[in-house]
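K.L.:
turn this into a structure:
(2 chains)
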Amino acid sequence: MQYRTSFALFTLSQFAITFLDFVGILVLFANVDALAGWSLAEVAFLYGIANLAFGLADVFVSPVENVQVAIRAGTFDQILLRPVSPILQIVTDGFSARRLGKLAQGALVFAFAVAAVEVDWNLARVTMTVVAVLSASTIFGALWVATSCVSFWWVEAREAANAITYGGSFLAQYPLGVYGPWLRRGLAYAVPVAFANYYPATYILGRNDRLGAPSWIAFASPLVALLVAVLSALAWRVAVRHYRSTGS
Amino acid sequence: MRLYAELAKRSFRRWSTYRAATIAGIFTNSVFGFIRASVLLAVLAGRPGAGELDVSEVITYSFITQGLLSVTDVFGSDQEIAGRVRSGDVVGDLYRPVDFQAWWFAADVGRAAFQALGRAVPIVLVGALTYGIEAPAGLAGALLFAVSVALAVIVGFSLKFLVNLSAFWLLDIRGPNQMMVTAALFFSGITAPLTLFPDWLEPTARALPFACLVQYPVEIFLGKAVGAEAAAVLAIQAAWAVALITLGRVVLRAATRRVVIQGG
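P.N.:
Model (predicted):
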């Protein structure tokens, strides 16, 4: 916050970067009426959930990637000595209001999409939407934690984590039918972002293209979210135990 | 001249030591290559011939784009100048009897050369081995592509140089850099090929320097721009390169004056 001009530009352009990102989708829809059968409003709904959830995870969990810096600099030793959970220290230390721009944009597109989709909103669908956003945030947050664990073994490989975190949220912006069978399977089972928004959205929007998956899969998101959260927490524990400080 | 060649060589070597980071980068860019290709293929499925591209061209486009991303450093990840401005080391740099801009350009050429060989080529190979991509349009096409990429590197460096110089006024360049990245991702053809843009937006996008980073080189690679058209594309790139280098010098002069004031 010390550098006011830079902060203003950053937050503004965080907003703009994701805004232009959505304009990128509008550009595609200037050429076609539907992507894999999904209309602009429906894709915006997927996009809105994905970015709203990713924005939440970005603000509250993504600073965990700074663990790489702490490992390299050796300051992780000090973190371990303090009587507060290491992950909490890293996340709060790296908290930055800069990331709010992305969250705001996600919320805006989400609001637009909710208004634009032709859905008969009832209690079940509203609940499902809230559950989807929460599950999606949990899934993205868990991905940040899980991929940050890689730094404990391979300090330099931070960018590979981007393929999972940013790549995952980017993939989630489009209907699953866009992707080939390999990517689809990866999204459903390996990096389960399909559960973040796509499957719940098929229920909320009343679409049947679950691509071979059974209909109950739309309701599985909270369970999947819980599962990846537990798995990433376990991975984190193993990683912290493995930590041997930087030698010199 | 020998000094600058040596600088570029050193820089190349320095970047080549980040092996794990390079492999990680190849992985990330390849994943994004697949995603971009999938989305664009869905567009083509909805409207064959959209953006005057066919299936194999869209795939080629997606992977070459991901390769060029690091060569032209669209994300402006190399922020060494700004770091030296903040620490004050830049004073020493300015004392040296070499041209400040040329010094950093030489270093960037080394970086770009490594990213081209160590990162872009493997990414394109991943695309070629999985999806299959198009070869450049003949030997002449390949040469024109090389020239176009070289000009793209100059434009990319000049934009980054300007962003870094803003550190003389702002100290922290994350804001300006993010702005540049925002504009570059959208207007360079990375988000979507410029030929898919609506008619009222495409000419503007083509006129901006960002198209020089990705869109133009890829068009030459795909043989979309040949003969006189290719010459015109290269001319636009060269014009932007000259204009931005000049602008960089003007801003640098203003910035150095500021150092003198600050240093007392």
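
K.L.:
state the helix or strand in which the residue of chain A found nearest chain B lies.
P.N.:
With CB to the nearest CB as the measure, A:Leu9 is the residue of chain A nearest to chain B, at 2.9 Å. Glycine gets a C-beta too; all of them are placed from N, C-alpha and C. Using DSSP states H and E, A:Leu9 falls within helix A:4-29.

K.L.:
if we go by neighbour counts, what in that helix is buried?
P.N.:
A:6-7, A:9-11, A:13-25, A:27-29 (16 or more other CB atoms under 10 Å in any protein chain shown).

K.L.:
likewise stretch A:217-230?
P.N.:
Applying 16+ other CB under 10 Å to stretch A:217-230 flags A:217-218, A:220-221, A:224-225, A:227-229 as buried.

K.L.:
pull the most distant pair out of those.
P.N.:
Largest separation among the buried residues of stretch A:217-230 by CB to CB: A:Ala218 and A:Ala229, giving 19.7 Å.

K.L.:
ok, and the residue in the stretch 101-250 of chain B that chain A sits nearest to, which helix or strand is that part of?
P.N.:
At 2.9 Å from chain A, B:Gly175 is the closest residue in the stretch 101-250 of chain B, using CB to the nearest CB. Following DSSP H and E, one finds B:Gly175 within helix B:174-187.

K.L.:
what's the angle from that helix to helix A:4-29?
P.N.:
Here helix B:174-187 runs at an angle of 10 degrees relative to helix A:4-29 (axes from the mean of the first three to the mean of the last three CA atoms, to 10 degrees).

K.L.:
check what pLDDT residue 84 gets.
P.N.:
Going with chain A. With respect to pLDDT, A:Val84 has a value of 77.

K.L.:
wait, I meant chain B there
P.N.:
83.

K.L.:
quick one: residues contacting it.
P.N.:
B:90, B:93 (CB atoms under 8 Å, 6 or more residues apart in numbering or on different chains).

K.L.:
per-residue confidence averaged over the helix holding A:Leu9?
P.N.:
78.

K.L.:
which SSE is immediately downstream of that helix?
P.N.:
helix A:40-60.

K.L.:
what residues sit buried inside that next one?
P.N.:
A:40-60.

K.L.:
and if you look at stretch B:56-68?
P.N.:
Those would be B:57-68, for stretch B:56-68 by 16+ other CB under 10 Å.

K.L.:
which one of these sits closest to A:Leu80?
P.N.:
After measuring the buried residues of stretch B:56-68 against A:Leu80 - CB to CB - the closest member comes out as B:Gln66, at 38.2 Å.

K.L.:
what is the helix or strand encompassing that closest one packed up against?
P.N.:
For B:Gln66, the host element (DSSP H and E) is helix B:55-71. In terms of contacts (3 or more CB pairs under 8 Å, 6 or more residues apart in numbering or on different chains; DSSP states H and E), helix B:55-71 is packed against helix B:19-46, helix B:121-130, helix B:138-165, helix B:215-221.

K.L.:
burial count for A:Ser245?
P.N.:
10 (other CB atoms under 10 Å in any protein chain shown).

K.L.:
in a helix, it, correct?
P.N.:
No: per DSSP: H, G, I helix; E, B strand; the rest coil, A:Ser245 lies outside any helix segment and is coil.

K.L.:
that one contacts A:Thr75, correct?
P.N.:
No: contact status for A:Ser245 versus A:Thr75: not in contact, 10.3 Å apart, counting by CB atoms under 8 Å.

K.L.:
coming back round to it: the residue of the stretch 101-250 of chain B closest to chain A and B:Val250: what is the separation?
P.N.:
The spacing between B:Gly175 and B:Val250, counted by CB to CB, to the nearest Å, is 22 Å.

K.L.:
quick one: which of the two has more around it?
P.N.:
With neighbours defined as other CB under 10 Å, B:Gly175 and B:Val250 compare such that B:Gly175 has more, 24 against 9.

K.L.:
so what does the residue positioned nearest the centre of chain B have for phi and psi?
P.N.:
In chain B, the residue lying closest to the centroid (CA atoms, centre = their mean) is B:Thr72, at 2.0 Å. When read as degrees, to the nearest 10, the backbone of B:Thr72 gives phi -90, psi 0.

K.L.:
for the nearest residue to it once chain neighbours are set aside, what are its contacts?
P.N.:
Spatial nearest neighbour of B:Thr72, chain neighbours left out: B:Gly156 (3.5 Å); criterion: CB to CB, 6 or more residues apart in numbering or on different chains. Residues in contact with B:Gly156 (CB under 8 Å, 6+ apart) are B:71-74, B:112, B:213.

K.L.:
what about these, which one has the most neighbours?
P.N.:
Going by other CB under 10 Å, B:Leu213 tops the contacts of B:Gly156 with 31 neighbours.

K.L.:
thought it was touching B:Ala183?
P.N.:
No: counting by CB under 8 Å, B:Ala183 is not a contact partner of B:Leu213; they are 10.7 Å apart.

K.L.:
contacting residues around the helix or strand encompassing A:Val228?
P.N.:
Using DSSP H and E, A:Val228 sits within helix A:221-242. Contact partners of helix A:221-242, identified using CB under 8 Å, 6+ apart, comprise A:80, A:86-87, A:131-132, A:134-136, A:138-139, A:141-143, A:145-146, A:148-149, A:152-153, A:192, A:195-196, A:199-200.

K.L.:
what do you get for stretch B:21-33?
P.N.:
Outside stretch B:21-33, the residues that reach it (CB under 8 Å, 6+ apart) are A:156-163, A:167, A:170, B:16, B:62-63, B:65-67, B:69-70, B:118-119, B:122-123, B:126-127.

K.L.:
contact residues of the stretch 1-150 of chain B facing chain A?
P.N.:
With CB under 8 Å from any CB of the partner chain as the criterion, the stretch 1-150 of chain B meets chain A at residues B:18-21, B:23-25, B:27-28, B:31-32, B:34-35, B:38-39, B:41-43, B:45-47, B:50-51.

K.L.:
swap that for the stretch 151-264 of chain B, please
P.N.:
B:170-176, B:178-179, B:181-183, B:185-186, B:191-192, B:196-198, B:201.

K.L.:
if we use 6 Å, what do you get?
P.N.:
Residues of the stretch 151-264 of chain B lying close to chain A (CB under 6 Å from any CB of the partner chain) are B:170-172, B:174-176, B:178-179, B:182, B:186, B:191-192, B:196-198.

K.L.:
of these, select the buried ones using a ChimeraX command.
P.N.:
Buried members of these, defined by 16+ other CB under 10 Å, are picked up in ChimeraX with:
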select /B:170,172,174,175,176,178,179,182,186,191,192,196,197
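
K.L.:
B:Gly92: which of the residues of the stretch 151-264 of chain B next to chain A is nearest?
P.N.:
Scanning these for proximity to B:Gly92, where the rule is CB to CB, the winner is B:Leu171, at 17.8 Å.

K.L.:
so how far is A:Arg125 from the closest one?
P.N.:
49 Å.

K.L.:
ok, A:Ala8 next?
P.N.:
From A:Ala8 over to A:Arg125 (counting by CB to CB), the distance is 38 Å.

K.L.:
where in chain A is pLDDT low?
P.N.:
In the predicted model, chain A carries pLDDT under 70 at residues A:1-3, A:14, A:17-18, A:97-98, A:157, A:246-248.
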